[in-house]
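>>> Got a sequence here, can you build the structure:
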Amino acid sequence: MSNLDLIIANTHLSILYLFPVAIFGLFLNLYRKAILGRSNQQKSQAGDAYATVEKIATYEPHAAQNSLRDLIEIDGAGTWPPTTVYGDAWPEVLRPFHDIYQAMAPALSIAELSGDDVKNFQRCLDFRVQMRTLYNDQVNMEQVKALLDAAENDESVLSRAAWNGLFACIALSRHSFRWGTIPIVKLAQEEKVVDFPACLDLAWPYLKRRYGVTSQGGNVASNYLCNFDDKDQIVYPINPTMDDLIQSAEYHFGHVFPHIEREALPIYHMVTRAIQQYSNGDRIGTLQSLKGINKELRTPLKTYYETMHESKISRKVWMHYAQGFQGWAAGDIDPVTGEYTEYDGLSGNQLLLPQIMDAFLGLERYLNEENTQRYMPNLQRKFRETIAEHSFRDEAKTKGDDEIEEQMNNIVKQMRVFRTAHRVRVKPYLSVPAPERMIMTAGKSVLEKDDVHDYESAIAPLDKMLKDRLLATK
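Sure, this is the predicted structure:
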């Protein structure tokens, strides 16, 4: 056999043996592709399922989130704390209110009062005469009424931000007229009914209806939240001609309220998200939100601790030049029943953040129903009520969810530290003698009575109230 024949024979043998192997390999490859195709199809279907799960996790807005949205969009004019505009940004007929406040503010404060109560009160009366004269000369009552009537029904007449600015202006103007001098004085405190200028009594009911409050005087929302511009400057100051110590106390004591609320906004979103997640059975998401609340809550509480400090708010001047003016201690007489109703002024317990945290924790509210209606704007009340209604702390505890309870208890601990610090820090400020006036807190009116003349005795009920609130925070 030649070499060529041998090569041909070996080739035939190779083909005989390798052909079945090749055929087997071909079928194996086709089988592998078929398997991979089915696997990819299953994977694709699984991906759709995951997408469906993700869509389910994007829940419908909860009532708690809707109430926060309404607060921000309506009362806040799109932000929180509220967006505000003033003066030149208002319709022309309202601008005299802004201008008159700015003209009168320098006359409010005085460095040293007389030791004569009658002379001190005369200063108040003189201020009122001048302010009333400016209103009579510059405010067109008919035009103001026509504009506010239209604005109640048509938002294009007066923007939400303009309403907020007007809220601050009229409230601070009423406080200015009510006291007439800073420091406030005894004979002004003794007045039970104050005869306000007609234009202030005309404008105030529109604002009460819009914000849903019933007091004659201002509140934390009007006097603090709405009284700072977009540069964080006071628009309606009460001590514009006084020294730096006094102006620092006024600024920091007022600004701490919007500052805290600005830092509280992320917390409000987390609170409403936690409620939404819990109501949808999303336990992991709920825990993440609770951890976020615990982390973020430190920020506004730290702001309080750092602001209520002698370096920013001097105890020597706080009661005389920052606190007293924010009180009210006057009222009205019902023309039908003859019943007298007295109103208080501003109080820290009107601040929204502690109320929301208490509601979220399932704690009883601090303000009673009457005072809530008087001093808390309606949309703030609704937000707090909605959070309280959907608080899930007790339910989670009943179900034995230790992780949720642990996070809730961590929030409680922070609120207890805050209330302990508040009680400790506020007492020295309230204990500073102010002989020109009767003992009074802004939020609780006159505390001095026939049998109570010293500060320790007068503020004892207030201290007990703070202690009771601390004990209830658990």
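>>> Phi first, then psi, for residue 193.
As for residue 193, its main-chain torsions (degrees, to the nearest 10) stand at phi -130, psi 130.
>>> I'd say it and residue 332 touch.
Yes. Using CB atoms under 8 Å, residue 193 makes contact with residue 332 at a distance of 6.2 Å. C-beta: built from backbone N, CA, C; applies to glycine.
>>> Name the residues of stretch 400-416 that are buried.
401, 404, 405, 407, 408, 411, 412, 414, 415 (16 or more other CB atoms under 10 Å).
>>> Tabulate these in a markdown table, adding columns for distance to residue 146, secondary structure and pLDDT.
Shown next, in a markdown table, are the buried residues of stretch 400-416 (distance: CB to CB, whole Å; DSSP: H, G, I helix; E, B strand; the rest coil; pLDDT from 0 to 100):
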| residue | distance to residue 146 | secondary structure | pLDDT |
| --- | --- | --- | --- |
| 401 | 58 | coil | 97 |
| 404 | 55 | helix | 98 |
| 405 | 57 | helix | 98 |
| 407 | 54 | helix | 98 |
| 408 | 52 | helix | 98 |
| 411 | 50 | helix | 98 |
| 412 | 52 | helix | 97 |
| 414 | 50 | helix | 97 |
| 415 | 48 | helix | 97 |
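>>> Save the residues you listed as TSV, and put in distance to residue 133 too.
Shown next, in TSV, are the buried residues of stretch 400-416 (distance: CB to CB, whole Å):
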residue	distance to residue 133
401	66
404	62
405	63
407	60
408	58
411	53
412	55
414	52
415	49
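>>> and of those, the nearest to residue 340?
residue 415 (36.7 Å; CB to CB).
>>> Report whether the expected contact of the closest one with residue 472 is present.
No. Using CB under 8 Å, residue 415 is not in contact with residue 472; the gap is 10.4 Å.
>>> How is this structure partitioned into domains?
Per the record, the chain has its domains at 1-37, 63-472, by automatic domain parsing.
>>> worst average pLDDT in the ones you listed?
Lowest mean pLDDT within the domains of the chain: domain 1-37, at a mean of 46.
>>> if we can go back for a sec, just name the most buried of the domains of the chain.
Stretch with highest mean neighbour count among these: domain 63-472 (a mean of 18; mean count of other CB atoms under 10 Å).
>>> What's the end-to-end length of it?
27 Å (CA to CA, to the nearest Å).
>>> so how far is it from its chain's centroid?
Chain-centre distance of domain 63-472: 10 Å, with CA atoms, centre = their mean, to the nearest Å.
>>> Okay, strands next: where are they in the stretch 1-150 of the chain?
In the stretch 1-150 of the chain, no strands are found when defined by DSSP state E, counting those that start in this stretch.
>>> would you list every one of the helices in it?
With helices called from DSSP state H, counting those that start in this stretch, the stretch 1-150 of the chain shows them at 3-57, 63-70, 95-104, 117-138, 141-153.
>>> can you tell me how far residue 78 sits from residue 381?
To residue 381, residue 78 is 20 Å away according to CB to CB, to the nearest Å.
>>> Residue 146 now?
Taking CB to CB as the measure, residue 146 and residue 381 are separated by 30 Å.
>>> which ones are touching residue 178?
Applying CB atoms under 8 Å, 6 or more residues apart in numbering to residue 178 gives the contacts 188, 194, 196, 217, 328, 330.
>>> now do residue 216
174, 204, 328, 330, 331, 332, 343.
>>> So residue 285 sits against residue 270, correct?
No. The criterion here is CB under 8 Å, and residue 285 misses it with residue 270 at 10.8 Å.
>>> Identify the contacts common to the two.
Listed as contacting both residue 285 and residue 270 by CB under 8 Å, 6+ apart is no residue at all.
>>> For residue 118, which non-adjacent residue is closest in space?
residue 187 (7.1 Å; CB to CB, 6 or more residues apart in numbering).
>>> Residue 122 is in contact with the one you found, correct?
No. The criterion here is CB under 8 Å, and residue 187 misses it with residue 122 at 9.1 Å.
>>> OK, contacts around residue 298?
residue 414 are the contacts of residue 298 under CB under 8 Å, 6+ apart.
>>> what helix or strand is it on?
helix 283-307 (DSSP states H and E).
>>> now swap in residue 331 and tell me
Judged by DSSP H and E, residue 331 forms part of strand 330-333.
>>> Name the surrounding residues that touch that strand.
The contact list for strand 330-333, computed with CB under 8 Å, 6+ apart, reads 178, 191, 192, 193, 194, 216, 217, 339, 340, 341, 342, 343.
>>> Just grab the bridge partners of the fourth one for me.
Which is residue 193. residue 331 (DSSP bridges).
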